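> predicted model, plus sequence, below.
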Amino acid sequence: MEIASIAPCSQLDAEKWRRLNNRIKHVDKVPANITEYVDGMEKLPEILPMIRLSANIIIQTRLHRL
């Protein structure tokens, strides 16, 4: 996964972010989706700082390539 190679996060954390993003964007069709959404929302305060840091690093890396 590209984000895990650029940003200071584990591949597992990046995958959790992806799953939470999918749950936010798409309708929950099975109970497991609902559980994943609720778990992700409960962990959001600890996830947001990592997302922000990773996004900043990725943006800066891309800008330096120009």
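Okay, I see it. Computed from a predicted structure; not experimentally measured.
> tell me how far the residue nearest to the spatial centre of the chain lies from residue 64.
Among the residues of the chain, the one closest to the centroid is residue 17, at 2.2 Å (C-alpha atoms, centre = their mean). Residue 17 sits 23 Å away from residue 64 when distances are taken as C-beta to C-beta, to the nearest Å. For the C-beta atoms, the positions are set from N, CA and C on the backbone; glycine is no exception.
> ditto for residue 56
Distance from residue 56 to residue 64, counting by C-beta to C-beta: 13 Å.
> so between the two, which is more surrounded?
When neighbours are counted by other C-beta atoms under 10 Å, residue 56 and residue 64 differ, and residue 56 comes out ahead with 11 against 7.
> so that one is in which element?
Mapping residue 56 onto the secondary structure by DSSP states H and E places it in helix 44-65.
> who are the packing partners of that helix?
In terms of contacts (3 or more C-beta pairs under 8 Å, 6 or more residues apart in numbering; DSSP states H and E), helix 44-65 is packed against helix 2-6, helix 11-25.
> packing partners of the longest one?
Yep, that's helix 11-25 we're talking about. In terms of contact count using 3+ C-beta pairs under 8 Å, 6+ apart, helix 11-25 is assigned the packing partners helix 2-6, helix 31-42, helix 44-65.
> next, format those helices as TSV and append distance to residue 12 and mean pLDDT.
Listed next are the helices and strands packed on helix 11-25 as TSV, based on distance: least, C-beta to C-beta, whole Å; pLDDT from 0 to 100:
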stretch	distance to residue 12	mean pLDDT
helix 2-6	9	67
helix 31-42	13	91
helix 44-65	12	85
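> can I get the ones you listed in a markdown table including distance to residue 24?
Supplementary listing: the helices and strands packed on helix 11-25 in a markdown table, determined by distance: least, C-beta to C-beta, whole Å:
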| stretch | distance to residue 24 |
| --- | --- |
| helix 2-6 | 17 |
| helix 31-42 | 7 |
| helix 44-65 | 10 |
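> quick one, which of these is nearest to residue 13?
Smallest distance to residue 13 across these (C-beta to C-beta): 6.2 Å, for helix 44-65.
> go through the closest one and flag the buried ones.
The neighbour-count check on helix 44-65 (16 or more other C-beta atoms under 10 Å) flags 47, 50, 51, 54 as buried.
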